[in-house]
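next input, structure requested:
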Amino acid sequence: MAQSPSKSAKSRKSSKTKDAAGSDEFALHSLQEAHEASPRYDASPEEMLQFYEQMLLIRRFEEKAGQLYGLGLIGGFCHLYIGQEAVAIGLQSALDNDRDSVITGYRDHGHMLAYGIDPNVIMAELTGRQAGISRGKGGSMHMFSTEHKFYGGHGIVGAQVSLGGGLALSHKYNEDGGLCLAYFGDGAANQGQVYETFNMASLWQLPIVFVIENNQYAMGTAVSRSSAETEFHRRGTAFRIPGMDVNGMDVLEVRNAAEIAFKHVRENGGPVLIECNTYRYRGHSMSDPAKYRSREEVKEKRDHHDPIEGLKKTLIEAGKSEEDLKAIDKAIRSRVSEAADFAESSPEPEARELYTDVLVETY
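Coordinates of the predicted model:
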């Protein structure tokens with residue numbers, strides 16, 4: 001007959017649980033409960049207007065990038081961020097740009113714009129010009145700026161998560177008070193290296209916020225067909241990482257979640273996993289006709305859940321006029337056209353650039 005565990009074994013298990021994270025309820029549910037108690041960030045009128053302008057800049061920039069791709073001025077792959085603007089703006093507006101770092105996958109133009117990086121150099125990079133932020137050698141998928149602590153732009157699905165763990169370890173080792181914001185998508189959420197990083201981040205209590213931008217389709221497969229657990233904020237449970245389920249189509253809700261998560265991390269609470277449920281209006285890339293979903297589905301999202309239109313409605317209710325908002329849109333369209341003109345008129349990289357930033361020595 002099997003014997004029940006000894007008291008000492010039970011005691012050891014109980015002690016281990018408490019040492020790891022105190023209370024299961026706190027470790028796994030407290031941040032979500034705090035978010036649900038008051039889900040929208042109490043933004044000032046000035047902050048809301050800034051969020052609106054930033055999201056609109058991303059939208060107009062990406063629309064222009066799509067046009068330039070169609071004209072053959074952008075080569076290779078091009079993954080647009082249209083529809084997902086609230087995620088990058090809501091999260092990155094809460095960062096400390098002097099200390100914190102950001103890393104993401106290859107749908108990265110919006111994240112750079114959210115950082116306030118000059119649209120001219122981003123568009124020049126997209127079109128492969130010398131004036132680009134990576135001197136035209138990174139293109140759409142490999143944006144990079146150490147100056148802004150933005151570490152890519154990565155083409156290998158899920159690879160940025162492990163690198164984000166390294167950035168978080170650097171923050172902790174250097175005691176600089178910073179945290180790493182590591183984005184990945186619902187498709188990358190099934191990669192093994194993601195969970196290896198979860199384990200180390202929790203074990204070492206690294207200052208990192210993992211963000212799953214769940215746009216519902218990965219490349220072209222609905223999450224329900226590719227993932228046994230579609231509630232991605234639960235994916236950190238086995239590693240004692242608290243999760244948060246957030247409406248990624250509402251910039252004020254995303255910003256609220258960021259405030260709660262970042263505070264937890266900065267107070268040495270260890271990693272947090274945020275799932276931002278969002279939706280991309282275009283295909284996975286410019287070469288994707290997106291036949292795996294209906295036009296009616298996309299229209300319903302645009303008509304009833306659009307992050308920019310949602311905030312526009314809030315701004316009008318707060319006293320902003322339609323004319324003021326139209327003037328902002330006009331100014332942003334002009335700024336994006338200026339960036340496109342700058343890119344088109346900039347020279348391509350010189351041939352000698354083929355031999356720069358390349359590791360040639362043997363180790």
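
for A238, grab the count of nearby residues.
11 (other CB atoms under 10 Å). Where C-beta positions appear, they are placed from N, C-alpha and C, glycine not excepted.

S134 and T146 touch, don't they?
No: with contact defined as CB atoms under 8 Å, S134 does not count as touching T146 (10.8 Å).

for those two, indicate the residue with more neighbours.
Taking other CB under 10 Å, S134 and T146 do not tie; S134 has more neighbours (19 against 8).

and that one, how far is that from D357?
From S134 across to D357, the span is 9 Å (CB to CB, to the nearest Å).

stretch 305-313 - what's its average pLDDT?
Regarding stretch 305-313, the rounded mean pLDDT is 97.

what's the spacing between it and its chain's center?
Remark: stretch 305-313 is offset 19 Å from the chain centroid, using CA atoms, centre = their mean, to the nearest Å.

and stretch 212-225, by the same measure?
What separates the centre of stretch 212-225 from the centre of its chain is 15 Å, taken as CA atoms, centre = their mean.

what of stretch 191-207?
That offset, for stretch 191-207, works out to 18 Å (CA atoms, centre = their mean).

what residues does that stretch touch?
Stretch 191-207 is touched from outside by 157-159, 161-162, 164-165, 168-169, 171-172, 178-180, 184, 188, 208, 210, 235-236, 239-241, 265-266, 268-271, 273, with contacts defined as CB atoms under 8 Å, 6 or more residues apart in numbering.

dump that stretch to PDB, keeping only the CA atoms.
Output of stretch 191-207 as PDB, limited to C-alpha atoms (Å, rounded to 0.1, in the frame of the first residue of the first chain):
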ATOM      1  CA  GLN A 191       8.500  28.400 -29.100                       C
ATOM      2  CA  GLY A 192      10.500  26.400 -26.600                       C
ATOM      3  CA  GLN A 193      13.100  29.200 -26.000                       C
ATOM      4  CA  VAL A 194      10.200  31.400 -24.700                       C
ATOM      5  CA  TYR A 195       9.700  29.000 -21.800                       C
ATOM      6  CA  GLU A 196      13.400  28.500 -21.100                       C
ATOM      7  CA  THR A 197      13.500  32.300 -20.700                       C
ATOM      8  CA  PHE A 198      10.400  32.400 -18.500                       C
ATOM      9  CA  ASN A 199      12.100  29.800 -16.200                       C
ATOM     10  CA  MET A 200      15.300  31.700 -15.900                       C
ATOM     11  CA  ALA A 201      13.600  35.100 -15.500                       C
ATOM     12  CA  SER A 202      11.500  33.800 -12.700                       C
ATOM     13  CA  LEU A 203      14.300  31.900 -11.000                       C
ATOM     14  CA  TRP A 204      16.600  34.900 -11.100                       C
ATOM     15  CA  GLN A 205      13.800  37.400 -10.500                       C
ATOM     16  CA  LEU A 206      14.800  39.400 -13.600                       C
ATOM     17  CA  PRO A 207      13.300  42.900 -14.300                       C
END
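
stretch 278-288: end-to-end distance?
Using CA to CA, to the nearest Å, one end of stretch 278-288 lies 19 Å from the other.

what are the buried residues along that stretch?
Neighbour-count burial for stretch 278-288 flags T278, Y279, R280, Y281, R282, G283, H284, S285, M286 (criterion: 16 or more other CB atoms under 10 Å).

over to stretch 91-109?
Buried residues in stretch 91-109 (16+ other CB under 10 Å): 91-95, 100-109.

any idea of the mean pLDDT in that stretch?
For stretch 91-109, the mean per-residue pLDDT is 96.

and stretch 246-263, by the same measure?
98.

which parts of it are buried?
Buried residues in stretch 246-263 (16+ other CB under 10 Å): 246-262.

chain center to it: distance?
Centre to centre, stretch against its chain (CA atoms, centre = their mean), the figure for stretch 246-263 is 12 Å.

equivalent analysis for stretch 194-209, please.
Relative to its chain's centre, stretch 194-209 lies at 17 Å (CA atoms, centre = their mean).

pull out the buried positions in that stretch.
Buried residues in stretch 194-209, counting neighbours by 16+ other CB under 10 Å, are found at V194, Y195, T197, F198, N199, M200, A201, S202, L206, P207, I208, V209.

counting only strands, which of those residues make the cut?
Residues of these located in strands (DSSP state E): I208, V209.

what's next to stretch 318-325, contact-wise?
P45, M48, L49, Y52, K312, L315, I316.

please repeat the previous calculation with a cut-off of 7 Å.
With contact meaning CB atoms under 7 Å, 6 or more residues apart in numbering, stretch 318-325 is reached by P45, M48, K312, L315, I316.

looking at the buried residues of stretch 194-209, which is nearest Y115?
Comparing these against Y115 with CB to CB places V209 closest, at 15.8 Å.

and that closest one, how far from E33?
18 Å.

try M123
Look at M123 and E33: by CB to CB, they are 43 Å apart.
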